[in-house]
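Asker: predicted model follows, preceded by the sequence.
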Amino acid sequence: MAAAASPTVFLLMVNGQIESAQFPEFDDLYCKYCFVYGYDWAPTSGLEEGISQITSKNRVAPQDLVWNFPIDITFKSTNPFGWPQIVISVYGPDLFGNDVVRGYGAVHIPFTPGRHRRTIPMFVPESTSKLQKFTSWLMGRRPEFTDPKVVAQGEGREGKSSLPPSFSPDT
């Protein structure tokens, strides 16, 4: 009698940090992260999403906004299809003190073990017409995604790009 073959799984452990960002025009920013992954993937430990503290530019390196925001999560899967991506959203105050999006970005978790440093290009959605741009400026509500996970899908991502934050996971 043959034993039933059980599917084998593999684990992906991500341990790292969202280190810093460069947004020359902005200060007092915070970031949020979440993971997007395929149907065969499941988190087994750690946090799937998080929000950082607010950071300000420093005198030593006035271009850098430093978070050193830790990330620690483990996934399991039987199939590499749908390899996890981290989605980062950066927010900060506008002229009226409202929190508005300053950038979205996503990157796949590295495929090989070891220390890695990733630079994530950031972008912001823009209104499609001048009337919408003026109305959003007047109301203090800039365009933003209702679900930032759409960033990892890649469709409709044309737009203005800012300088990227640094992400250095150790897998």
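Answerer: Okay, I see it.

Asker: all helices of the chain, in order?
Answerer: In chain order, the chain shows helices spanning 130-139, with DSSP state H as the criterion.

Asker: centroid-nearest residue for it?
Answerer: When C-alpha atoms, centre = their mean is applied to the chain, the residue found nearest the centroid is residue 88 (1.4 Å).

Asker: got any ranges where the chain has weak pLDDT?
Answerer: For the chain, the stretches flagged by pLDDT under 70 are 1-5, 7, 140, 154-171.

Asker: and the strands in it?
Answerer: 10-22, 30-36, 42-46, 49-51, 64-77, 85-93, 99-108, 118-119, 122-124, 160-162, 166-170 (DSSP state E).

Asker: tally of neighbours for residue 19?
Answerer: 16 (other C-beta atoms under 10 Å). To be clear about C-beta, it is placed using only N, CA and C from the backbone, and glycine gets the same treatment.

Asker: these two touch, right, it and residue 66?
Answerer: Yes. Counting by C-beta atoms under 8 Å, residue 19 touches residue 66, with 7.1 Å between them.

Asker: on that earlier part again, from residue 144, how far out is the residue nearest to the centre of the chain?
Answerer: 14 Å (C-beta to C-beta, to the nearest Å).

Asker: and the residue nearest to the centre of the chain, what does it touch?
Answerer: 18, 31-33, 103-106, 120, 122, 165, 167 (C-beta atoms under 8 Å, 6 or more residues apart in numbering).

Asker: what of residue 84?
Answerer: 12, 14, 35-37, 41, 75, 108-109 are the contacts of residue 84 under C-beta under 8 Å, 6+ apart.
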